[in-house]
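Student: The sequence and its predicted three-dimensional model are supplied below.
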Amino acid sequence: MSFFDIPSWVLPDIRSCSEVYGYLNDGPLRGVPISGVIGDQQAALVGQMCLARGQAKNTYGTGCFLLYNTGAQMVWSTHGLLTTVAYKFGASAQAVYAIEGSVAIAGAAVRWLRDSLGLLKKAEDVERLAGGVEDTGGVYFVPAFSGLYAPRWRSDARGTICGITQGTTSGHLARAALESVCFQTREILDAMEQDSGISISRLLVDGGMTTNDLLLQLQADLAGVPVGESCACR
């Protein structure tokens, strides 16, 4: 802020996620109070009941979005993550903070296999295709279509698929795509543990990709922690 010569007093206060801010004054919902305000990923953190310090969630969609509850303490990352407000329940309550990391390409990698390579008829087919092989056959996929997000923040990075041989099949490519999501998630989890000093004992997950049981098993294996799936993926 000092670099841009912005005084701290111009920034908004941290307000509660649960208090009445006003009322709708038009339409069929006229008079209904506006009494809940929270960001999308923070809402997922709360919805997954990650209300204790050291709990973490990941939302698997077009990209991945991980939040890690650091409690009342703001943790300033030295490993490429962002510090954010998680939630505040009540006007007089203590604000709770989190560290956040995002993966640019997750479900978008599956969509690319479908739309650009024609390996899938529909995105859901990736689980069957990837499950038809025991491993990636030495294939590695880095889906940096729009650069790499946390913890590297390299906008100049570009995607690559390496390790292809004459024996490489569409199944190997599909499995490598799923593993790429899990490896990037693992890298962010490692950064979160290093920043916080607390080991993550369980990863709670949601988002459209969590209907893929193979993905969740790969994530548990590569992260080395149990993965807890939400009853409602969205």
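Tutor: Right, received. Where do you want to start? These figures come from a predicted structure and were not determined experimentally.

Student: Now for the residue nearest the centre of the chain: which residues touch it?
Tutor: In the chain, the centroid-proximal residue (Cα atoms, centre = their mean) is F65; its distance is 1.8 Å. For F65, the contact set (Cβ atoms under 8 Å, 6 or more residues apart in numbering) comprises 41, 44, 58-59, 100, 102-103. In this view, the C-beta of every residue, glycine as well, is placed from N, C-alpha and C.

Student: can you rerun that using 10 Å?
Tutor: For F65, the contacting residues are 40-41, 44-45, 57-59, 100-103, 106, 149-150, 188, 206-207, by Cβ atoms under 10 Å, 6 or more residues apart in numbering.

Student: Just the buried ones from the residues you listed?
Tutor: A residue is treated as buried here by neighbour count (16 or more other Cβ atoms under 10 Å); on that basis the buried members of the contacts of F65 are 41, 44-45, 57-59, 100-103, 106, 149-150, 188, 206-207.

Student: The lowest-mean-pLDDT helix or strand in the chain pairs with which strands?
Tutor: Taking mean pLDDT, DSSP states H and E as the measure, the helix or strand of the chain with the lowest value is strand 227-229, at a mean of 89. In the sheet containing strand 227-229, the strands it pairs with under DSSP bridges are strand 203-206 (parallel).

Student: quick revisit: out of the contacts of F65, list just those in helices.
Tutor: Using DSSP state H, the members of those that fall within helices are 40-41, 44-45, 188.

Student: Show me which of the residues you listed is closest to T78.
Tutor: Set against T78, the nearest of those by Cβ to Cβ is I188 (14.1 Å).

Student: Skipping its backbone neighbours, what lies nearest the closest one in space?
Tutor: The shortest distance from I188 to any residue that is not its chain neighbour, by Cβ to Cβ, 6 or more residues apart in numbering, is 3.7 Å, and that residue is G101.

Student: With that, I have no additional questions.
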